[in-house]
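Trainee: what follows is a predicted protein model with its sequence.
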Amino acid sequence: MAKRKPIIPRDEPPAVESTIATSAPSEVTSEPPPVELVPSHDATATPPLPAHPPASPPSDGVLPDAATPSETETPKGEYRAQGIKGDYIAGVRLLEDRRFKQMQLAFREKPSDAVRHAVREAGFQWRSAEQVWTLQIDPEQAWQTRSKAHATFEAASAMIRAEMGVGQEVG
């Protein structure tokens, strides 16, 4: 019958016999090295740090145009339109919402009556919930609809720049 090992209580570290070569080969050390055990259920232990620290917002609290949350970060289950073109001096952006199959014009400020009339004449409709002008993309004529939206964007941008007294040069 095989000899069983003795059961060692969990709260004590196991004794380890080791031999250390010294000048006298007959000396044997039977003392285990000091071991400090920290139980895993210790409530006072500090939790591990995250792998990456959380990003802090800019000091002024304003994100740059290229990193607006509406175009880069979308909450789970929510969809945002993709930016196509923008005139940041005039405050106009052209977007395409592929989920709802529509082109969108977004203005930073409410445009003048002449600009709104031109956008409406091009077939855009005002959506107050999204605060954008939308033009539904016809599946049979998708590229023509997109082309019309681009032309309307250019016309609205030119009208706003003319009202502001700013030239057409894009820098």
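Mentor: Now that the structure is in, tell me what you want to look at.
Trainee: switch to C-alpha atoms for all contacts and neighbour counts from now on
Mentor: Fine.
Trainee: which strands and helices sit next to the biggest helix by length in the chain?
Mentor: Criterion DSSP state H: the longest helix present in the chain is helix 142-164. Where contact means 3 or more Cα pairs under 8 Å, 6 or more residues apart in numbering; DSSP states H and E, helix 142-164 is packed against strand 92-97, strand 102-107, helix 113-121, strand 132-136.
Trainee: give the buried residues for the helix or strand just after the third one.
Mentor: Following helix 113-121 in sequence order, the next helix or strand is strand 125-127 (DSSP states H and E). Within strand 125-127, the residues that count as buried by 16 or more other Cα atoms under 10 Å are 125, 126.
Trainee: so what does strand 125-127 touch, helix or strand wise?
Mentor: Against strand 125-127 (3+ Cα pairs under 8 Å, 6+ apart) you get strand 132-136.
Trainee: any idea of the angle the strand it packs on forms with helix 142-164?
Mentor: 150 degrees (axes from the mean of the first three to the mean of the last three Cα atoms, to 10 degrees).
Trainee: output strand 132-136 as PDB, restricted to C-alpha atoms.
Mentor: The C-alpha coordinates for strand 132-136 follow below in PDB (Å, rounded to 0.1, in the frame of the first residue of the first chain):
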ATOM      1  CA  VAL A 132     -31.600  69.400 -40.200                       C
ATOM      2  CA  TRP A 133     -32.900  69.800 -43.700                       C
ATOM      3  CA  THR A 134     -33.400  66.400 -45.300                       C
ATOM      4  CA  LEU A 135     -33.700  65.100 -48.900                       C
ATOM      5  CA  GLN A 136     -34.800  61.600 -49.400                       C
END
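Trainee: distance of residue 115 relative to residue 154?
Mentor: Counting by Cα to Cα, to the nearest Å, the separation of residue 115 from residue 154 is 11 Å.
Trainee: got it, and residue 134?
Mentor: 15 Å.
Trainee: who's more crowded, those two?
Mentor: A direct count of neighbours by other Cα atoms under 10 Å for residue 134 and residue 154 places residue 134 higher, at 25 against 16.
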